[in-house]
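J.: Fold the following.
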Amino acid sequence: MARASRPVYVISIAASLAGCHPRTLRIYEEEGLVDPVRTETNIRLYSDDDLRRVRAIRYLTQVRGVNLAGVKLLLQLRDIGDLLEEIAGSWDDEETGGPGTGTARF
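T.: Residues are numbered from 1 along each chain as shown. Predicted coordinates:
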């Protein structure tokens, strides 16, 4: 299993790494936006890929003002890899003040 897709973080650690509250991760799961692995004892485990997805969702909701239904639609319509690359490019442009500052294409 690739390192990025290996589920290793419990919800409290994952939330801390993603910069959100554990309840936020539960809401994203309830909405079908993330799907953490469950252990035999029903503990959620998140991978680095899951955390990238959570950060992208948080960016779309907090910076771009997209609601969760809109995020879900974007994730259904677009390949997640392409969408994450575009968002990462947007982050880079905003941090450097470069071209495309403040505008992400979806």
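J.: Poorly predicted segments of the chain, please.
T.: For the chain, applying pLDDT under 70 flags the ranges 1-2, 80, 91-106.
J.: show me where the protein has strands.
T.: Secondary structure of the chain (DSSP state E): strands at 9-10, 37-38, 44-46.
J.: Of these, which is nearest Arg23?
T.: strand 44-46 (12.3 Å; Cβ to Cβ). Using the backbone N, CA and C atoms, a C-beta is placed for each residue, glycine as well.
J.: what's that closest one packed up against?
T.: If you count contacts as 3 or more Cβ pairs under 8 Å, 6 or more residues apart in numbering; DSSP states H and E, strand 44-46 packs onto strand 9-10, helix 11-18, helix 22-30, strand 37-38.
J.: Could you check the angle the longest one makes with helix 11-18?
T.: In this case it means helix 22-30. 100 degrees (axes from the mean of the first three to the mean of the last three Cα atoms, to 10 degrees).
J.: residues making contact with helix 22-30?
T.: If you take Cβ atoms under 8 Å, 6 or more residues apart in numbering as the criterion, helix 22-30 is touched by 11-12, 14-15, 18, 34-36, 44, 46, 54, 57-58, 68.
J.: And for the last one?
T.: Contacts of strand 37-38 from elsewhere in the structure, counted by Cβ under 8 Å, 6+ apart, are 7, 44-47.
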